[in-house]
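Student: got a structure for you, letters missing:
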């Protein structure tokens, strides 16, 4: 596109001439930079404005004007090279204009296009806001005009949808913003599907839109053929999509369009609410859900922003394409499309960057093992239970004054339920102890960017294990310090009990214990079906299910027993 | 006025045929097309060619490749698509018929 970059550098070429020096301007035509005299620039600018206005009615306006601009840039380049000059003067511009032809020449050529088989000037209706029949902004009247039905039905539909989460109101506001007002006579005729015989009514709106497109498309300055191709592809895509929908032109497709629009609007609203909710109000979506758990660190805001863009742009594109393709309103210029595409790709790239950055925090793994002694019990019996008590950090207990206010009261954990949705961080094994005393081995494992960090993360976790006589209470989760991000911390517990120890396992531990099947064992003891615990005996081969006959069930008999049933 | 109109109409009718024919010779840049058309005195200004090319392209008769240029922005080099080739063949036939018809009509008149 043509635009001024700098004013006021003196004309280097004609310094020696006595004539009044002309100001030189640096302009940029689709990425090619030229020095041009101010007078020449004015002529060129007026010419291009006229050309753009002339082609603004055409669907291919941008492509045609870009072709012309590129050619002008090329001709300038050639003339400068030929005369070995640096500055474009008035004469050059006039020559170029002469070669390219004035708008009057174009109009002569166009006059006969009316009969051309390729141009199909559609008499289809276009969606506008109706300024002549409006309660608020004329959105409903415009839609009614578009579908050629009575306005009252559309208004009724919007009114009915207002209580549904305000969606009617929101849709109205969005349409108010997107749908242009019918300002000119041509607009109003198009809105009501009347034939436009008068070419003279040029659409102010389209002029504005095309000038807006031009502003945006400056980004193509450094354009390489690839960008051109991408832009043309996007343009062609919308073009063919538009042709397809116009050709089909069926009510069905419009209904599908409305459905797509509603779905995309809800998706967009959902995304925006999520985004604002997270960023502005720090809404807590829980540490338990995977994506939120992992990004709880200093990158969170950027990650959320880029995720939002990555998700929002496709939705926005669907909305715009649907509007353009089905309702023939709004404008997805090739450049707008490209800008969105580039923005989306950038965000996607950033998201991948963040993902690798976060993933690099998981590169190394470290484990460390601690052994906790367990007091031997009198009759060599151990009750294994799940602990659902709430534990407070030191700060919390001081803040809440636990000692005084909750004296003698047991606080159970709100978060706790049988299947809490966090990642399972606790795994319990029961093995035979080589020595006569029982003990518990706690192996902590965590990931980190390097080994030291991983070890630090593993050390920063805490597991609560409590023994009350014969009852061993296992906490359901690892505790780690607040504000620490998740690094795949896990703890593997190995309870080593002496030979012939009686191990009674609470049914609630089923999710955590490995190596034995509590339900299978319980089924063998049918009388105890209601029992919420299972009894095992420690043998040389590990835990064996204790069947209520009193004998230890061997593997073979278990199989037969199961087969009989 | 009417004469002028008829002349333009006649030119217009064969303009697209000529453009397709020129492009059928191989990859062609817009200004090459212009040069040939100017030689044939079919077109005087370049500006009118670009809408035509865009329209032919959008109708699937043409495609183009971007080629880097030393003297300016990348250039579009146009080529005929398969469909364009078919259309051109049809136009060839039509042209022969027309030429024959005109020849016959003129021949009759001139021989009088």
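Tutor: Cool, the structure landed. Since we're looking at a predicted model, the values are computed, not measured.
Student: So what's the residue count around whichever residue of the stretch 301-450 of chain A sits closest to chain B?
Tutor: Nearest to chain B, among the residues of the stretch 301-450 of chain A, is residue A:334, at 12.4 Å (C-beta to the nearest C-beta). (Glycine included, C-beta is placed from N, CA and C.) Residue A:334 has 25 neighbouring residues, counting by other C-beta atoms under 10 Å in any protein chain shown.
Student: What sits closest to it if chain neighbours are left out?
Tutor: Closest residue in space to residue A:334, ignoring its immediate chain neighbours: residue A:235 at 3.7 Å, by C-beta to C-beta, 6 or more residues apart in numbering or on different chains.
Student: List the neighbouring strands of the helix or strand containing residue A:467 plus their orientation.
Tutor: If you go by DSSP states H and E, residue A:467 is part of strand A:465-468. Strands that pair with strand A:465-468, judged by DSSP bridges, come out as strand A:471-475 (antiparallel).
Student: neighbouring contacts of the strand it pairs with?
Tutor: For strand A:471-475, contacts defined as C-beta atoms under 8 Å, 6 or more residues apart in numbering or on different chains pick out A:374, A:382-387, A:389, A:391, A:426, A:428, A:440, A:463-467, A:493, A:495, A:509, A:512.
Student: can we see that at 7 Å?
Tutor: Here strand A:471-475 makes contact (C-beta atoms under 7 Å, 6 or more residues apart in numbering or on different chains) with A:374, A:382-387, A:428, A:463-466, A:493, A:509, A:512.
Student: Also stretch A:363-383?
Tutor: Outside stretch A:363-383, the residues that touch it by C-beta under 7 Å, 6+ apart are A:437-451, A:454-455, A:458-459, A:465, A:467, A:469-472, A:497-498, A:500-504.
Student: In contact with the residue in chain B that chain A sits nearest to, which residues?
Tutor: Checking chain B residue by residue against chain A with C-beta to the nearest C-beta singles out residue B:45 as nearest, at 2.3 Å. Taking C-beta under 7 Å, 6+ apart as the contact definition, residue B:45 lies against A:100-101, A:105.
Student: cool, residue A:428 as well?
Tutor: Counting by C-beta under 7 Å, 6+ apart, residue A:428 makes contact with A:474, A:493, A:495, A:509, A:512-514.
Student: tell me what the helix or strand harbouring residue A:79 is packed against?
Tutor: Taking DSSP H and E as the criterion, residue A:79 maps to helix A:61-83. In terms of contacts (3 or more C-beta pairs under 7 Å, 6 or more residues apart in numbering or on different chains; DSSP states H and E), helix A:61-83 is packed against strand A:23-29, strand A:32-37, helix A:38-55, helix A:90-100, helix B:49-58.
Student: Of all the residues in it, which ones are buried?
Tutor: Residues of helix A:61-83 classed as buried by neighbour count (16 or more other C-beta atoms under 10 Å in any protein chain shown): A:61-77, A:79-80.
Student: Which members of the contacts of residue B:45 additionally contact chain B?
Tutor: Counting by C-beta under 7 Å from any C-beta of the partner chain, A:100-101, A:105 from the contacts of residue B:45 sit close to chain B.
Student: Which of those sits closest to chain B?
Tutor: Nearest member of those to chain B, counting by C-beta to the nearest C-beta, is residue A:101, at 2.3 Å.
Student: does that closest one really touch residue B:48, like I thought?
Tutor: Yes: between residue A:101 and residue B:48 there is a contact under C-beta atoms under 7 Å: 6.1 Å.
Student: so what's residue B:89 scoring on pLDDT?
Tutor: For residue B:89, the pLDDT comes out at 92.
Student: same deal with the one 10 residues further on?
Tutor: At residue B:99, the predicted lDDT confidence score is 88.
Student: Scan the chain for its longest helix.
Tutor: Went with chain A since none was named. The helix spanning the most residues in chain A, taking DSSP state H as the definition, is helix A:251-281.
Student: I was after chain B.
Tutor: helix B:82-111.
Student: Packing partners of that helix?
Tutor: Helix B:82-111 packs on helix B:2-24, going by 3+ C-beta pairs under 7 Å, 6+ apart.
Student: okay, the angle between the helix it packs on and helix B:49-58?
Tutor: Per axes from the mean of the first three to the mean of the last three C-alpha atoms, to 10 degrees, the angle that helix B:2-24 makes with helix B:49-58 is 60 degrees.
Student: ok, residues contacting the next helix or strand after helix B:2-24?
Tutor: Reading on from helix B:2-24 to the C-terminus, the next helix or strand found by DSSP H and E is strand B:28-29. With C-beta under 7 Å, 6+ apart as the test, strand B:28-29 has contacts from B:22, B:75, B:77-78.
Student: For strand B:28-29, enumerate its sheet partners and note whether each is parallel or antiparallel.
Tutor: Partner strands and pairing direction for strand B:28-29 (DSSP bridges) are strand B:75-80 (antiparallel).
Student: where in chain B is pLDDT low?
Tutor: Scanning chain B for pLDDT under 70 picks out B:1-2, B:44, B:108, B:110-112.
Student: re earlier: now the contacts of residue A:428 as TSV including pLDDT, secondary structure and neighbour count?
Tutor: Listed next are these as TSV, based on pLDDT from 0 to 100; DSSP: H, G, I helix; E, B strand; the rest coil; neighbours: other C-beta atoms under 10 Å in any protein chain shown:
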residue	pLDDT	secondary structure	neighbour count
A:474	84	strand	22
A:493	87	strand	21
A:495	87	strand	23
A:509	80	helix	19
A:512	82	coil	20
A:513	83	strand	23
A:514	82	coil	11
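Student: CSV please, covering the residues you listed and showing distance to residue B:89.
Tutor: Formatted as CSV, the contacts of residue A:428 follow (distance: C-beta to C-beta, whole Å):
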residue, distance to residue B:89
A:474, 84
A:493, 82
A:495, 87
A:509, 82
A:512, 78
A:513, 80
A:514, 76
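Student: all helices of the stretch 51-200 of chain A, in order?
Tutor: A:61-83, A:90-100, A:103-110, A:139-147, A:151-161, A:167-178, A:185-191 (DSSP state H, counting those that start in this stretch).
Student: relative to strand A:32-37, how tilted is the longest one?
Tutor: It refers to helix A:61-83. Counting by the same axes, to 10 degrees, helix A:61-83 lies at 70 degrees to strand A:32-37.
Student: do the same with the fourth one
Tutor: Taking the same axes, to 10 degrees, one finds helix A:139-147 and strand A:32-37 inclined to each other by 110 degrees.
Student: what is the mean pLDDT for helix A:139-147?
Tutor: Helix A:139-147 carries an average pLDDT of 84.
Student: Please identify the buried residues of it?
Tutor: Under the neighbour-count criterion of 16+ other C-beta under 10 Å, helix A:139-147 has A:139-146 buried.
Student: and the stretch 51-200 of chain A, which residues reach chain B?
Tutor: Residues of the stretch 51-200 of chain A lying near chain B (C-beta under 7 Å from any C-beta): A:58, A:60, A:63-64, A:67-68, A:70-71, A:73-74, A:77-78, A:81, A:99-101, A:105-106, A:109, A:112, A:118.
Student: No more questions from me, cheers.
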